[in-house]
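Student: attaching a predicted model along with its sequence, questions to come.
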Amino acid sequence: AAHRAAGGTATDTHCPYCALQCGMTLHPTAAAGTGAGAGHGPGPEPAPEPGVSVAVAERPGFPVNRGALCGKGRTAPAVLASRTRLTTPLIRRPDGELAPAGWDEALDRIAEGLARTRTAYGPDAVGVFGGGGLTNEKAYALGKFARLVLGTSQIDYNGRFCMSSAAAAGTAAFGLDRGLPFPLADIPRTGCVILVGANPAETMPPALRYFTELRENGGKLVVVDPRRTRTAEQADLHLAPRPGTDLALALGMLHLVVAEGRVDEEFVAARTAGWPEARSAAMAHWPELVERITGVPLPALREAVALFCDAPASMVLTARGPEQQSKGTDTVGAWINLCLATGRAGRPLSGYGALTGQGNGQGGREHGQKADQLPGYRKLTDPAARAHVAEVWGVSPDSLPGPGRSAYELLDALGGDVRALLLMGSNPVVSAPRAGHVEERIRSLGFLAVADVVLSDTARLADVVLPVAQWAEETGTTTSLEGRVLLRRRAVTPPAGVRTDLEVLNSLAARLGWEKGFPTDPEEVFDELRRASAGGPADYSGITYRRIADGDGVFWPCAEGAAAGAEPSSRTAGAGRTGGGSGTPRLFLDRFAHPDGRARFAAVTHRPAAEEPDADYPVHLTTGRVLAQYQSGAQTRRVDALNTAAPGPFVQLHPQLAERLGAAEGEPLAVTSRRGRTVAAARISPDIRPDTVFMPFHWPGEGRANTVTNPALDPVSRMPEFKVCAVRVERVP
Ligand code: SF4
């Protein structure tokens, strides 16, 4: 809440970046001297009006991070005061240049561009692309805008690239997907955690303390990662499989669980379905075969099984490593199988969870900007869901379009079936797989409108760019990786010339003939979202701004009437114990969310990555993040302190590979795949497998990692295979 503090009114809020959503307090300060700089930002842009900015202070009372913040969070105000932020709309003029324009002209141009396309080619010729950083209110309004005002089915968002495989596998197994079905605070109290393809020491450093406390309490940490990351350094056991083989690793562990008589038969019989098929699939993966596929020595595999099963309670947590694969859903399913077979799910201090990446990666997928979903995590193909949401929206269910293309498929269709695009809160020119191709598709569009806080690499290609408000300049809710709904509060007034995304949608809707209005007040939007979500899997109907503010957030599901001490609502059956002022921190303790209350095993078998190394492309490439940058870097590359810490892309490679190439530390290396070529400095380290190189994906241009990544899609989640492809690495002459 806002409160008086030395130097002015302080505001308790949350970080704009990752899914941990650390609590912080903002204090007013003069905008000058914040350390903001041009960074790697684009060329000449309008300077912001001088005004009040904010400084970040610790907020020790918020339980998730207890005052700890990483460098990204501490320096987040620099983007508010950056000289490179946008404060006036830009329109591409006949000379091909983007030039400043008034709001009315810019909005008219967008409405005209979208309407012209729709009239000429039909509503599905207009696409909408959102982001996992948008607040719940914005994600909800954007989905409603696409389906009602534009009438298009062609909407998806960059969260598809984040953790859609975990969502698909979690839904299939448990009947409900919430990243973590238990609070982070349970981690130090369990006995063993297997962390698969996750590097919280760099992606969300304040979360590392949960794993440190686990080990201080005598628990064990197992890390599965092809690299010895800063997180792996903390582990009791580090398994480094070949990229793309962790599905086989999980199957090999399950094989050993069966062979060693460690199956919890009572739990399997009472609370699951599908065990015989999953068991057969696992038994076909002999440990020796798994050792050959993964490169993980058999004794290490046995040790992992023993650590996991000997503990009184244990967890598996995944992140992008197993998820960003063309078999990501099956890979996560295999890890969930391990939990189910050993009775490590739906019990206190045990279970499977995903560490979501983006700030609102969880909420962003619950409220309707995903191609196949309606608010409340409802399915767009479910007649009852369509009827409920249509009633809230005051339209006929028949007027709602059906499911559209997934994110990469939508980007791939640009310039073809999809001729105009409205983009909010995403920068696919840097973050999409096969990014050179995606950039070409974006350039081939008939019309592109982008709303962003800065002139991102994608916004540079737009016909119209709208400058919108940032995190500390507007109020809205996000849902953290724990499923905890939080309130980000407005702490400062946006600079003159800047409007909110909700105001943009309101203005466009009016221009496009939508007469029912689009609310611009975030709390009013949230109240409508609550009604739209009521009775759905992600039920927010009992969550209000006041209720969030009165505590430390509210865990969904939280049905209306679920006051402190209330019993579970029938609408949240399967969710576990709900009620209480904080909602439902723990799911599945009584039953899983499938109608029969049972969890489902997945009968999965190993298959290779879509692209394996060969004579022409003999090395694996895997990609990821570094401590001082965030996602496509559109914001963090504008912060001097972060640029000093992480100034540019690099290629991490093992000394053996460097020797074979004759490469020296720091010299430029070309990394080439069937999709393109990228160049970055060599970083030689024994902390990676000799058959694998790693590149961070935060930078555009010559060192853009996603130029070479593979868009092969998971058949269920439609997740691209960011985490593994085949490349050739060469010195640059
Ligand atoms: Fe922000 Fe994530 Fe860093 Fe916390 S860990 S300060 S939420 S970027």
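Tutor: Perfect, thanks for sending it.
Student: isn't Pro28 right up against Thr9?
Tutor: Yes - counting by C-beta atoms under 8 Å, Pro28 does reach Thr9; the two are 6.6 Å apart. Heads up, the C-betas are built off the backbone N, CA and C, glycines and all.
Student: which one's more surrounded, the two?
Tutor: Pro28 (16 against 12; other C-beta atoms under 10 Å).
Student: got the buried residues for the helix or strand that contains the more buried one?
Tutor: According to DSSP states H and E, Pro28 maps onto strand 23-30. Residues of strand 23-30 classed as buried: 23-29 (neighbour count, 16 or more other C-beta atoms under 10 Å).
Student: in CSV: these, plus pLDDT and distance to Asp177.
Tutor: Below are the buried residues of strand 23-30 laid out as CSV (pLDDT from 0 to 100; distance: C-beta to C-beta, whole Å):
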residue, pLDDT, distance to Asp177
Gly23, 96, 25
Met24, 96, 28
Thr25, 95, 32
Leu26, 94, 32
His27, 91, 37
Pro28, 85, 39
Thr29, 83, 40
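Student: what is the nearest of these to the ligand?
Tutor: Taking C-beta to the nearest ligand atom as the measure, the ligand lies nearest Met24 of the buried residues of strand 23-30, at 7.2 Å.
Student: helices or strands up against the helix or strand in which Leu317 is found?
Tutor: Using DSSP H and E, Leu317 maps to strand 314-318. Judged by 3 or more C-beta pairs under 8 Å, 6 or more residues apart in numbering; DSSP states H and E, strand 314-318 is in contact with strand 192-196, helix 328-341, strand 351-354.
Student: spell out which residues of the stretch 151-300 of the chain are next to the ligand.
Tutor: The stretch 151-300 of the chain comes close to the ligand at residues 204-206, as judged by C-beta under 6 Å from any ligand atom.
Student: what is the burial count for the residue in the stretch 451-600 of the chain that the ligand sits nearest to?
Tutor: When scored by C-beta to the nearest ligand atom, the stretch 451-600 of the chain has Ser480 as its residue closest to the ligand, at 8.6 Å. Here the number of neighbours of Ser480 (other C-beta under 10 Å) works out to 27.
Student: grab the nearest non-local neighbour of it.
Tutor: Excluding the flanking residues, the one nearest Ser480 by C-beta to C-beta, 6 or more residues apart in numbering is Gln21, at 4.1 Å.
Student: what secondary structure does the one you found sit in?
Tutor: Secondary structure assignment for Gln21 (DSSP: H, G, I helix; E, B strand; the rest coil): coil.
Student: and it, what does it touch?
Tutor: Applying C-beta atoms under 8 Å, 6 or more residues apart in numbering, one finds that Gln21 lies in contact with 14-15, 64, 359, 478, 480-481, 484, 486.
Student: ok, Ile442 touching Ala413?
Tutor: No - using C-beta under 8 Å, Ile442 makes no contact with Ala413, being 11.4 Å away.
Student: can you give me the strands for the stretch 551-700 of the chain?
Tutor: Here the stretch 551-700 of the chain has its strands, by DSSP state E, counting those that start in this stretch, at 554-555, 599-600, 619-624, 650-653, 668-673, 676-684, 692-696.
Student: who in the protein is up against the ligand?
Tutor: Taking C-beta under 6 Å from any ligand atom as the measure of proximity, the chain contacts the ligand at 15, 17-18, 20-22, 65, 69-70, 72-73, 204-206.
Student: which two in these are spaced the farthest apart?
Tutor: Greatest spacing in these, by C-beta to C-beta: Gln21 and Pro205 (13.9 Å).
Student: tell me how the protein divides into domains.
Tutor: As assigned by automatic domain parsing, the chain contains the domains 2-80, 180-355, 619-731.
Student: how far out from the middle of the chain is the longest one?
Tutor: For domain 180-355, the separation from the chain centroid amounts to 21 Å (computed by C-alpha atoms, centre = their mean, to the nearest Å).
Student: what's the average pLDDT for it?
Tutor: Averaged across domain 180-355, pLDDT comes to 97.
Student: first-to-last residue distance for it?
Tutor: 7 Å (C-alpha to C-alpha, to the nearest Å).
Student: ok, now stretch 183-192?
Tutor: First-to-last distance for stretch 183-192 - C-alpha to C-alpha - comes to 16 Å.
Student: columns secondary structure on top of the residues of the chain next to the ligand, output as TSV?
Tutor: Formatted as TSV, these follow (three-state DSSP):
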residue	secondary structure
Cys15	coil
Tyr17	coil
Cys18	coil
Leu20	coil
Gln21	coil
Cys22	coil
Asn65	coil
Leu69	coil
Cys70	coil
Lys72	helix
Gly73	helix
Met204	coil
Pro205	helix
Pro206	helix
